[in-house]
Every structure is written in structure tokens, then in C-alpha cells.
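Asks: curious how this folds, go ahead:
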Amino acid sequence: MPQQLRRKFWETVPLKDMSRPEWEALCDGCGKCCLNKLEDEDTGEVALTNVACRLLNDDTCQCSQYPIRHNFVPECIVLGPDNLDQNLYWMPETCAYKLLWTDQPLPEWHPLKTGDPNSVHAAGVSMRGRTVPEFEVADEDWEDHIIKEPV
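Replies: Here you go, the predicted structure:
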């Protein structure tokens, strides 16, 4: 665990008081937030698809251009304590940010608990090898790619 992270900070530090490295470390690397979603205009229900943002690396489940992603995907959301509550509705059920916001513990497979960044993949929770790039699927065909959460 890098030195800038306090021991078990996710259990003791409120989200709003976390350092930037701590906030970033909460991400389990599942890749689900980088999947395109479909929202029903009438009900507000959000469906997750396996159609990935063009920047998602399907092998690592990481953004290939994370520091400069807004140059390519201006609508990519910068998640923070100030906008988390507005974004909970579309976030994956297993997301650490969502879990901690709703006073739930991190799952046992989370990399912060295991010390292994690959534990999310070993647990079968990530999207590794399960996505299709958005440039290969027409927008009108996204409904054919809906998946159920949790994966």
C-alpha cells in the first residue's frame, strides 16, 4: 500500500476528507463505470451495457488516457464527494464510492482489502474480456448489449 494512504482509511475517513490518492485508491478497477448506459426517459431506470467507452482498455479495465480523458470524452464525469449523490443512480452496485456513501463495507475481494490489484478480476467482478468497443456497435443496437448487475 503506498505511503500516502492511511491504514484502512476507507473505514475511518469520511469520503469528503480523503486525500486525492485515497479517493483514487477506492476505485477497484472493475471498468463498469466506463460502460455505456441506457436510461429509460419515463422511469429513470438505468441499464448497464457491455459497450465500453472508446478509452477503456478491455484487458486492464483502466482508462487508456485517464489524465487527459476529457480531451477525448468531454462528458466523462469526474466523480467527487460533491457530486457523488447525483451520480449514485447509474453507478455499479459493487462500486466502493457507492458502498461507502451508503454506509456499506467494501467487499472482501476489493484490492484495498486484499492488497492485490488483480483481486477484482480474480473474483469475476470486473469487465475484463467482456466488453465491446463503442465504435463497433451502433447506438440503436446498444439495447442488444444490456447486462445485469452485478456481473
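Asks: compute the first-to-last residue distance for stretch 22-40.
Replies: 34 Å (C-alpha to C-alpha, to the nearest Å).
Asks: again, but for stretch 4-22
Replies: The straight-line separation of the ends of stretch 4-22 (C-alpha to C-alpha) is 8 Å.
Asks: tell me, how many residues neighbour the nearest residue to residue 49 once chain neighbours are set aside?
Replies: Nearest residue to residue 49, sequence neighbours excluded (C-beta to C-beta, 6 or more residues apart in numbering): residue 145, at 4.2 Å. Every C-beta, even on glycine, is put in place using the N, C-alpha and C of the backbone. Counted with other C-beta atoms under 10 Å, the neighbours of residue 145 add up to 19.
Asks: I figured residue 145 hits residue 48, correct?
Replies: No: assessed by C-beta atoms under 8 Å, residue 145 is found out of contact with residue 48, at 9.3 Å.
Asks: contacting residues around residue 118?
Replies: Shown in contact with residue 118 (C-beta atoms under 8 Å, 6 or more residues apart in numbering): residue 111.
Asks: try 10 Å
Replies: Contact partners of residue 118, counting by C-beta atoms under 10 Å, 6 or more residues apart in numbering, are 29, 111, 126, 128.
Asks: please read off the pLDDT at residue 151 from the model.
Replies: Here, the pLDDT recorded for residue 151 equals 66.
Asks: show me the helices in the protein, by range?
Replies: Ranges of helices within the chain are 9-12, 20-25, 69-72, 84-87, 96-101, 111-114, 119-122, based on DSSP state H.
Asks: dump those to a markdown table, plus distance to residue 139, mean pLDDT and mean neighbour count.
Replies: Shown next, in a markdown table, are the helices of the chain (distance: least, C-beta to C-beta, whole Å; pLDDT from 0 to 100; neighbours: other C-beta atoms under 10 Å):
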| stretch | distance to residue 139 | mean pLDDT | mean neighbour count |
| --- | --- | --- | --- |
| helix 9-12 | 37 | 97 | 14 |
| helix 20-25 | 31 | 96 | 15 |
| helix 69-72 | 18 | 96 | 12 |
| helix 84-87 | 22 | 94 | 13 |
| helix 96-101 | 26 | 97 | 20 |
| helix 111-114 | 33 | 98 | 18 |
| helix 119-122 | 29 | 97 | 20 |
